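Undergrad: got a structure for you, letters missing:
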DNA sequence: GGCAAGTTGAAAATGAATTTCATTTTCAAT
DNA sequence: ATTGAAAATGAAATTCATTTTCAACTTGCC
């Protein structure tokens, strides 16, 4: 399942990786939690990806580095990363929670192919502005929004067009 | 949990109700399914509401009219209604699938309070236009989108502001 | 009315997400 | 370095919304 990122930021440099680790460590200290090798491994593995990972997919990658790390720890660490802003959940509406890294990334949204599950990211400052505008109008203190477009990607669209059935 | 609808359409008239029933009946015929009293009861109950109902909530309402109708039938009928465009799922991201009627309604979106779960609907033609525009740009055949804003409603926002903790 | 096809609903199954708990690890204070 | 309290770990169990199963029951075309 391809998940194209049309980002401006091709890969995470060593410095950024370390800065992200620092963010996690500070967060751990702040809330009185402990620094463990597992958490570092999971964060590093997560940051090395450029995909929208499910818990399970990340666990599989993490196990390659340290087979003894269990699913539960990945699960809990991903929640921690979300807490300190390094990760965020993206709901592609297929029943599985996915996460992407959020550190130092531009605000963006996703368009998902309902046939093959692939997705592209796009940028739209207008959507961010709308959040503000509509929140103000209805007296909400807005914190975030989700905007997702569903449809058929070019490949699946062509396949569908050439298929005989309705 | 209040779910305010700032709609233009205060309630469903008898004619609209019958038209909706007709849509269901036509759909049933088209796909070779049968017309049953349960399905009618469930549709009618659903249309009488103005909320965003979970399966369970709708089942509870349906049971008031006919206590013998089971959850499974409500579940399957709601899927049927979604198939023929009378209902659609709204994911408020709280782990429960909710449905709203879609028949004869303006395109709209939701803003959800993350504290109390209440929601307001709003209208934004710009968002609909963006779906088209972005789909075209990336060669997707778009079919639908979700746009949801999360935050604190006026009440919860004030409560949070007056609370001493961070 | 008959009967094939579809429906019903209770109960069981599914599966992702979350919690439990016994064991192990971290880290601040010795 | 050692200690011990608090936290982390991970396998297994649990939860809970959703979906499927299946035997008994309707529906609607002949």
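TA: Nice, thanks for sending it over. No experiment lies behind these values; they were computed from the predicted model shown.
Undergrad: Name the residues of chain A found near chain B, please.
TA: For chain A, the contact set with chain B under C-beta under 8 Å from any C-beta of the partner chain comprises A:91, A:93, A:111, A:113-114, A:120, A:122, A:124, A:126-127, A:130-131, A:134-135, A:137-154, A:157, A:160. Every residue, glycine included, has its C-beta placed from N, CA and C.
Undergrad: Out of those, which end up buried?
TA: By the neighbour-count criterion of 16 or more other C-beta atoms under 10 Å in any protein chain shown, those include these buried positions: A:91, A:111, A:113, A:120, A:122, A:124, A:127, A:130-131, A:134-135, A:138, A:140-142, A:145-153, A:157.
Undergrad: confidence score at residue A:32?
TA: For residue A:32, the model assigns a pLDDT of 94.
Undergrad: Next up, the contacts around it.
TA: Residues counted as contacts of residue A:32 (C-beta atoms under 8 Å, 6 or more residues apart in numbering or on different chains): none.
Undergrad: Which neighbouring elements make contact with the longest helix seen in chain A?
TA: Criterion DSSP state H: the longest helix present in chain A is helix A:14-30. On a contact count with 3 or more C-beta pairs under 8 Å, 6 or more residues apart in numbering or on different chains; DSSP states H and E, helix A:14-30 meets helix A:37-48, helix A:71-83.
Undergrad: from the chain's centre, how far out does that helix sit?
TA: Between the centre of helix A:14-30 and the centre of its chain there are 18 Å (C-alpha atoms, centre = their mean, to the nearest Å).
Undergrad: which residues sit against that helix?
TA: A:12, A:34-35, A:39-40, A:43-44, A:47, A:80-81, A:83-86, A:101, A:103-104.
Undergrad: Can you go through those residues and name the buried ones?
TA: For those, a neighbour count by 16+ other C-beta under 10 Å gives the buried set as A:12, A:39, A:43, A:47, A:80, A:81, A:84, A:86, A:101, A:103.
Undergrad: before we move on, back to that, and the helices and strands packed on helix A:14-30 as CSV, adding mean pLDDT and distance to DNA strand C?
TA: Output for the helices and strands packed on helix A:14-30, formatted as CSV (pLDDT from 0 to 100; distance: least, C-beta to the nearest atom of the strand, whole Å):
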stretch, mean pLDDT, distance to DNA strand C
helix A:37-48, 96, 5
helix A:71-83, 96, 4
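Undergrad: would JSON lines of the ones you listed with distance to residue A:60 be doable?
TA: Below are these laid out as JSON lines (distance: least, C-beta to C-beta, whole Å):
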{"stretch": "helix A:37-48", "distance to residue A:60": "10"}
{"stretch": "helix A:71-83", "distance to residue A:60": "9"}
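Undergrad: picking up where we left off before, the buried ones among the residues of chain A next to chain B in strands, which ones?
TA: Residues of those located in strands (DSSP state E): A:91, A:111, A:113, A:120, A:122, A:141-142, A:145-152.
Undergrad: ok, what's across the strand from residue A:144?
TA: Assessed by DSSP bridges, residue A:144 has beta-bridge partners residue B:150.
Undergrad: Against residue A:159, how distant is it?
TA: Counting by C-beta to C-beta, to the nearest Å, the gap between residue A:144 and residue A:159 amounts to 35 Å.
Undergrad: what's the answer for residue A:79, then?
TA: Using C-beta to C-beta, residue A:79 is found at 38 Å from residue A:159.
Undergrad: How about residue A:112, nearest residue that isn't a chain neighbour?
TA: Closest residue in space to residue A:112, ignoring its immediate chain neighbours: residue A:119 at 4.5 Å, by C-beta to C-beta, 6 or more residues apart in numbering or on different chains.
Undergrad: Also residue A:37?
TA: Spatial nearest neighbour of residue A:37, chain neighbours left out: residue A:66 (7.9 Å); criterion: C-beta to C-beta, 6+ apart.
Undergrad: The one you found: neighbouring residues, count only.
TA: 12 (other C-beta atoms under 10 Å in any protein chain shown).
Undergrad: who's in contact with it?
TA: Neighbours of residue A:66 in contact, by C-beta under 8 Å, 6+ apart: A:37, A:38, A:41.
Undergrad: Can you pull out the low-pLDDT segments for chain A?
TA: A:1-11, A:163-166 (pLDDT under 70).
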